[in-house]
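>>> Here is my input, please return the structure:
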Amino acid sequence: FDYEGTRQGSPQQILDTVPTAQQRTGDFSQTFNRLGQLDVIYDPTTTRADTNNPGHSVRDAYPGNIIPASSINNISKNVVAYYPLPNFPGQTAQLVNNYLTSGKSITNTDNYFTRVDHYINNSERLFGRVGYAPYTSFSSIKNLAFEEQTISSQPDTTALIGLTSTFSPNWLGEFRLSYTRLQVNNYPESQGFNPSTLGFGPAFTNYVGYNQFPAISVQTYNAGSGLVVTGASPNDFGMLGGPTRTLVPQDTWQGQYQFNWIRRRHNIKFGTDLQLVRMNAYNSQYAAGQFNFDRTYTQGPDPANTTLNGGNGLASLLLGVPVGGTITITNPLFLYYKYYSLFVQDDYRITNRLTLNLGVRWEYQTPYAEKFGQIGYFDFKAIEPTTGQKGTFKEDAPGGYEEAPHKHNFSPRLGLAWQVAPKTVVRVGGGIFFTTYVGVNDAATDFGNGGFISNLLFLGPANPLPNTPPVGGSWNNPFAGGITTPSHTSDFVG
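Numbering: from 1, shown residues only. Now for the predicted structure:
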């Protein structure tokens, strides 16, 4: 038995911006931008045509720059509670970087190995070995949602049993059965968190494929909107949630049997090698939802014009009106292939100075298959019915192969060793070899994440007034148009 372990820790620090106690209640009377100007919060429900400026709209600021408690969204009230309170003097009038915490980034590695040899009798010897090497990496900073950390677990397992049999002085047999499992398992600190506890209804939570805290960003302007703040962070406050679940287990079962027959000047080996390789992959992506808030819906007085101190992303969050978001419906992949081979080899010692190596190997590796038919291929010749053009995506049947099997892979090998002088040996050799379908280091992730659909935020029919949320729309029903799930009948056109 052998054991080896390491424990490693390195300093970790988080410096970010969190809402003040006043802000999280809707009081923005002391909220300033970096130039010292008061961030004025406008009420999007008061948006109307500006009678004094035809062709433009106008909206009113909240009295006292305070959002009434009755206007604060129930989900938003629960969400902001997951921000820690400031504990550090903020920088500039905007009070950025007002939260500081420190801890350790910890990595633990263990290696366990044991071997047992058993003498059965003069003709039979048995041995077995098992190895287990867990690897974990995590942070001592424990925040369920704010600046959420990822926990990494990568346990590796190996096991092998072998039996050597001596049938006669010139007949030997060796059997081996082995199992190897490699696994990458990264998951967020909030794993298991049910979004329904925040107030989301079943129209959303019934489609959550992986329970964790939703990814929530509070920004000056939503990334991708085309609006940026020069010289400053795009985020008004630190992010809630964010890390995703990645699970990639891979295992291999392998069985081998080899005979060794020594006959005069011949040393003949023949046997078989059988393998089952399974490679799975899952990435949750935004399985619990992702929501972006910025100042668009609370800027003014003209909602179509941006100003340095008009609106605030947190104010939009408190009102429950995100400007962007998505929920990803993703399924895990269950990939596998099988490998079969037979071989024979003869090391023929023609003379004491000349040895000839002759051999042939037949091998068949099945193409990759997916248990539930969640992979496919692009058929360049087929006609796509919607467009009438050549080329369409087709999904495999459950357990179907990606391509036609190749069962005629025979690999001859030839080698020669000639001792031309007492201190000089000439060796030559050649053969035909067949590689695997994907590559030497094939992995489940070579096939992507399987079928998935990203459903974009839809709060309702667009409001005709500029930069105004849909009437009655909020993230209480963030995907009001319904949520679409992956389908085997889809060809992804449109």
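>>> For stretch 33-43, measure first residue to last.
End-to-end span of stretch 33-43 (C-alpha to C-alpha, to the nearest Å): 19 Å.
>>> Could you find the closest non-adjacent residue to W261?
Computed as C-beta to C-beta, 6 or more residues apart in numbering, the closest residue to W261 that is not its neighbour in sequence is I268, at 4.6 Å. (Each C-beta comes from the backbone N, C-alpha and C, glycine too.)
>>> Following the helix or strand harbouring L177 in sequence, what is the next regular element?
Per DSSP states H and E: L177 is located in strand 171-188. As assigned by DSSP H and E, the chain's next helix or strand after strand 171-188 is helix 202-205.
>>> In that next one, which residues are buried?
Neighbour-count burial for helix 202-205, counted by 16 or more other C-beta atoms under 10 Å, picks out F204, T205.
>>> What is the very next helix or strand once past that helix packed up against?
Note on helix 202-205: by DSSP H and E, the next helix or strand toward the C-terminus is strand 215-219. Applying 3 or more C-beta pairs under 8 Å, 6 or more residues apart in numbering; DSSP states H and E, one finds that strand 215-219 makes contact with strand 235-240, strand 290-293, helix 313-319.
>>> what's the last one packed up against?
Looking back up the chat, that one is helix 313-319. Helices and strands touching helix 313-319, as assessed by 3+ C-beta pairs under 8 Å, 6+ apart, comprise helix 74-80, strand 215-219, strand 235-240, strand 290-293.
>>> which other helices and strands contact the first one?
Counting by 3+ C-beta pairs under 8 Å, 6+ apart, the packing neighbours recorded for helix 74-80 are helix 313-319.
>>> Go ahead and measure how far the helix or strand following the helix it packs on is from the middle of the chain.
Next along the chain after helix 313-319, taking DSSP H and E as the criterion, comes strand 324-330. Here strand 324-330 is found 14 Å from its chain centre; the criterion is C-alpha atoms, centre = their mean, to the nearest Å.
>>> quick one: average pLDDT of the strand ranked longest in the chain?
In the chain, assigned by DSSP state E, the strand with the most residues is strand 99-121. Mean pLDDT, strand 99-121: 95.
>>> and it with strand 235-240, angle?
Strand 99-121 and strand 235-240 are oriented at 30 degrees to each other (axes from the mean of the first three to the mean of the last three C-alpha atoms, to 10 degrees).
>>> So which elements touch strand 99-121?
Contacts defined by 3+ C-beta pairs under 8 Å, 6+ apart place strand 99-121 against strand 2-16, strand 124-133, strand 135-139.
>>> make it 10 Å
strand 2-16, strand 124-133, strand 135-139, strand 156-168 (3 or more C-beta pairs under 10 Å, 6 or more residues apart in numbering; DSSP states H and E).
>>> Just checking: what are the partner strands of it?
strand 2-16 (antiparallel), strand 124-133 (antiparallel), strand 135-139 (antiparallel) (DSSP bridges).
>>> So which of those is the most surrounded?
Sort the strands paired with strand 99-121 by mean neighbour count, taking mean count of other C-beta atoms under 10 Å, and strand 135-139 sits at the top with a mean of 17.
>>> Let me see the contact set for the residue nearest to G238 when sequence neighbours are not counted.
Distances taken as C-beta to C-beta, 6+ apart place D16 nearest to G238, at 3.7 Å, with adjacent residues excluded. For D16, the contacting residues are 83-84, 88, 96-101, 146-147, 233, 235, 237-239, by C-beta atoms under 10 Å, 6 or more residues apart in numbering.
>>> How about V428?
V428 neighbours (C-beta under 10 Å, 6+ apart): N357, L414, G415, L416, A417, W418.
>>> Greatest separation within the residues you listed: which pair is it?
With C-beta to C-beta as the measure, no two of those lie farther apart than L414 and W418, at 13.5 Å.
>>> any common contacting residues for the two?
By the contact definition C-beta under 10 Å, 6+ apart, L414 and W418 are jointly contacted by L356, V428.
>>> For R24, the count of nearby residues, please.
Number of residues near R24 (other C-beta atoms under 10 Å) recorded here: 20.
>>> what does F334 give?
With other C-beta under 10 Å as criterion, F334 counts 19.
>>> how much space is there between the residue lying closest to it once chain neighbours are set aside and V277?
Nearest residue to F334, sequence neighbours excluded (C-beta to C-beta, 6+ apart): K371, at 3.8 Å. Going from K371 to V277 by C-beta to C-beta, to the nearest Å gives 13 Å.
>>> what about these two, which has more around it?
V277 (20 against 14).
>>> Make sure the more buried one is indeed in a strand.
Yes: applying DSSP: H, G, I helix; E, B strand; the rest coil, one finds V277 inside a strand.
>>> Test for you: state the pLDDT assigned to it.
As predicted, V277 sits at a pLDDT of 91.
>>> Report whether the expected contact of it with Y368 is present.
Yes: between V277 and Y368 there is a contact under C-beta atoms under 10 Å: 9.2 Å.
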